[in-house]
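Engineer: Here is the input, now give the coordinates:
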Amino acid sequence: MNKETKQELVTEMHDKLLKAQAVFLADFRGMNVGQATELRNELRKANAEYKVVKNTLLEIASKGTDKEGLSQYYAGPTAIALCYDDPVAAAKVLSRFNKEATNPFTLKAGVLTGKTINVAEIQALADLPSREVLIAKMLGSMQAPASNFVRVLAAVPGGFVRALEQIRIQKAA
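Structural biologist: Below you'll find the model as predicted:
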């Protein structure tokens, strides 16, 4: 690689790091091409990008971004997953690959909204329900007070009608 090519790569990676909502680093040592292709395809479905970049170029590219905290993890073979949309979906894919015993893929660390996170925190992120499920739960929580209020309002006339019916029965007897 000549100097201009490296500079273009650094500029491109810097722009991607600025756009990414979350970044995850992994050691891919020992992965075969089939496994790497499968991981790349799975991450693409989650709107994330998987790249292998030289550590020195990655360190230069991360300067001036909120991903600078990852520089301590730029050692050994490093792959980077850049997530542009839903960090939970990408974390689920990476966590699943990290757990597979036949796979030598190992997570190192990540950055989520400017905060460096470790492997345990990536796992906790992966254990979250999907975005759609969280939105549905939130909407259910927002709707609950209104529906409870309607039930209370409906119970008042019902109680009044039952009381009148009891009075009618007493007077008839």
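Engineer: Can you give the domain ranges for this protein?
Structural biologist: 3-128, 130-173 (automatic domain parsing).
Engineer: From start to finish, how long is stretch 118-132 in a straight line?
Structural biologist: Across its full length, stretch 118-132 reaches 25 Å end to end, with Cα to Cα, to the nearest Å as the criterion.
Engineer: ok so, going back, which of the domains of the chain is buried the deepest?
Structural biologist: Of all these, domain 3-128 carries the top mean neighbour count, a mean of 17, counting by mean count of other Cβ atoms under 10 Å. All C-beta spots, glycine's among them, are computed from the backbone N, C-alpha and C.
Engineer: quick check: mean pLDDT across that domain?
Structural biologist: Mean pLDDT, computed over domain 3-128, is 86.
Engineer: Centre of the chain to that domain, how far?
Structural biologist: What separates the centre of domain 3-128 from the centre of its chain is 13 Å, taken as Cα atoms, centre = their mean, to the nearest Å.
Engineer: all strands of this structure, in order?
Structural biologist: 22-27, 48-52, 79-83, 106-112, 115-117 (DSSP state E).
Engineer: Of the ones you listed, which is nearest residue 146?
Structural biologist: Relative to residue 146, the nearest member of the strands of the chain by Cβ to Cβ is strand 106-112, separated by 33.6 Å.
Engineer: tilt between the closest one and strand 79-83?
Structural biologist: Between strand 106-112 and strand 79-83, the angle formed by their directions is 30 degrees, by axes from the mean of the first three to the mean of the last three Cα atoms, to 10 degrees.
Engineer: Now do the same contact list for residue 96.
Structural biologist: residue 126 (Cβ atoms under 8 Å, 6 or more residues apart in numbering).
Engineer: Would you check how far apart the nearest residue to residue 63 once chain neighbours are set aside and residue 8 are?
Structural biologist: If you skip the residues right next to it in sequence, residue 63 has residue 14 as its closest partner in space, 7.9 Å away by Cβ to Cβ, 6 or more residues apart in numbering. As for residue 14, its distance to residue 8 is 11 Å (criterion: Cβ to Cβ, to the nearest Å).
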